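[1] quick one, what's the 3D model for this:
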Amino acid sequence: MTQRTVGVLKLKTIIDWNIFLSTLIEVTGYDKKDWSKGGNLPFHPLLMFKILILQSFHGLSDDATEYHIGDRPS
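    Numbers count the residues shown, from 1 in each chain. Have a look, this model is predicted:
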């Protein structure tokens, strides 16, 4: 296991991510959108929040973050 993987797993045990969920859904309007219009569904707000945290920790640009998400979906 790499050091980065250990860091991510440690965050998972330290932070209760669900305490942010209601605020994120309210701020993004995720629960009020009409998903029947078609198109790809967006990432869940909680997942996007986690991505922003990891992006900040690792100093990744938006392009680099997008690359890593597509390259390593696990």
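[2] excluding sequence neighbours, find me the nearest residue to Lys50.
    Nearest non-adjacent residue to Lys50, counting by CB to CB, 6 or more residues apart in numbering: Trp17, 6.7 Å away. No exception for glycine: its C-beta is placed from N, CA and C like everyone else's.
[3] quick one: contacts for that neighbour?
    Taking CB atoms under 8 Å, 6 or more residues apart in numbering, we find Trp17 in contact with Leu46, Phe49, Lys50.
[4] what about the closest residue to the first one other than its chain neighbours, how many residues nearby?
    Just to be clear, that refers to Leu46. Take Leu46 and drop its neighbours on the chain: the residue closest to it by CB to CB, 6+ apart is Leu21, 5.4 Å away. Close neighbours of Leu21, defined as other CB atoms under 10 Å, add up to 15.
[5] what helix or strand is Leu21 located in?
    If you go by DSSP states H and E, Leu21 is part of helix 21-28.
[6] in that helix, which residues are buried?
    Leu24 (16 or more other CB atoms under 10 Å).
[7] now the following helix or strand past it: how far from the chain's centre is it?
    Using DSSP H and E, the next helix or strand after helix 21-28 towards the C-terminus is helix 45-58. Here the centre of helix 45-58 is set off from its chain's centre by 5 Å, with CA atoms, centre = their mean, to the nearest Å.
[8] so what touches helix 45-58?
    The contact list for helix 45-58 (CB under 8 Å, 6+ apart) reads 4, 7-8, 11, 17-18, 20-21, 24-25, 27-28, 30, 42-43, 60, 62, 65, 69.
[9] one more pass at 6 Å, please.
    Leu21, Leu24, Ile25, Thr28, Tyr30, Thr65 (CB atoms under 6 Å, 6 or more residues apart in numbering).
[10] stretch 21-39 now?
    Pro45, Leu46, Phe49.
[11] which among these end up buried?
    Pro45, Phe49.
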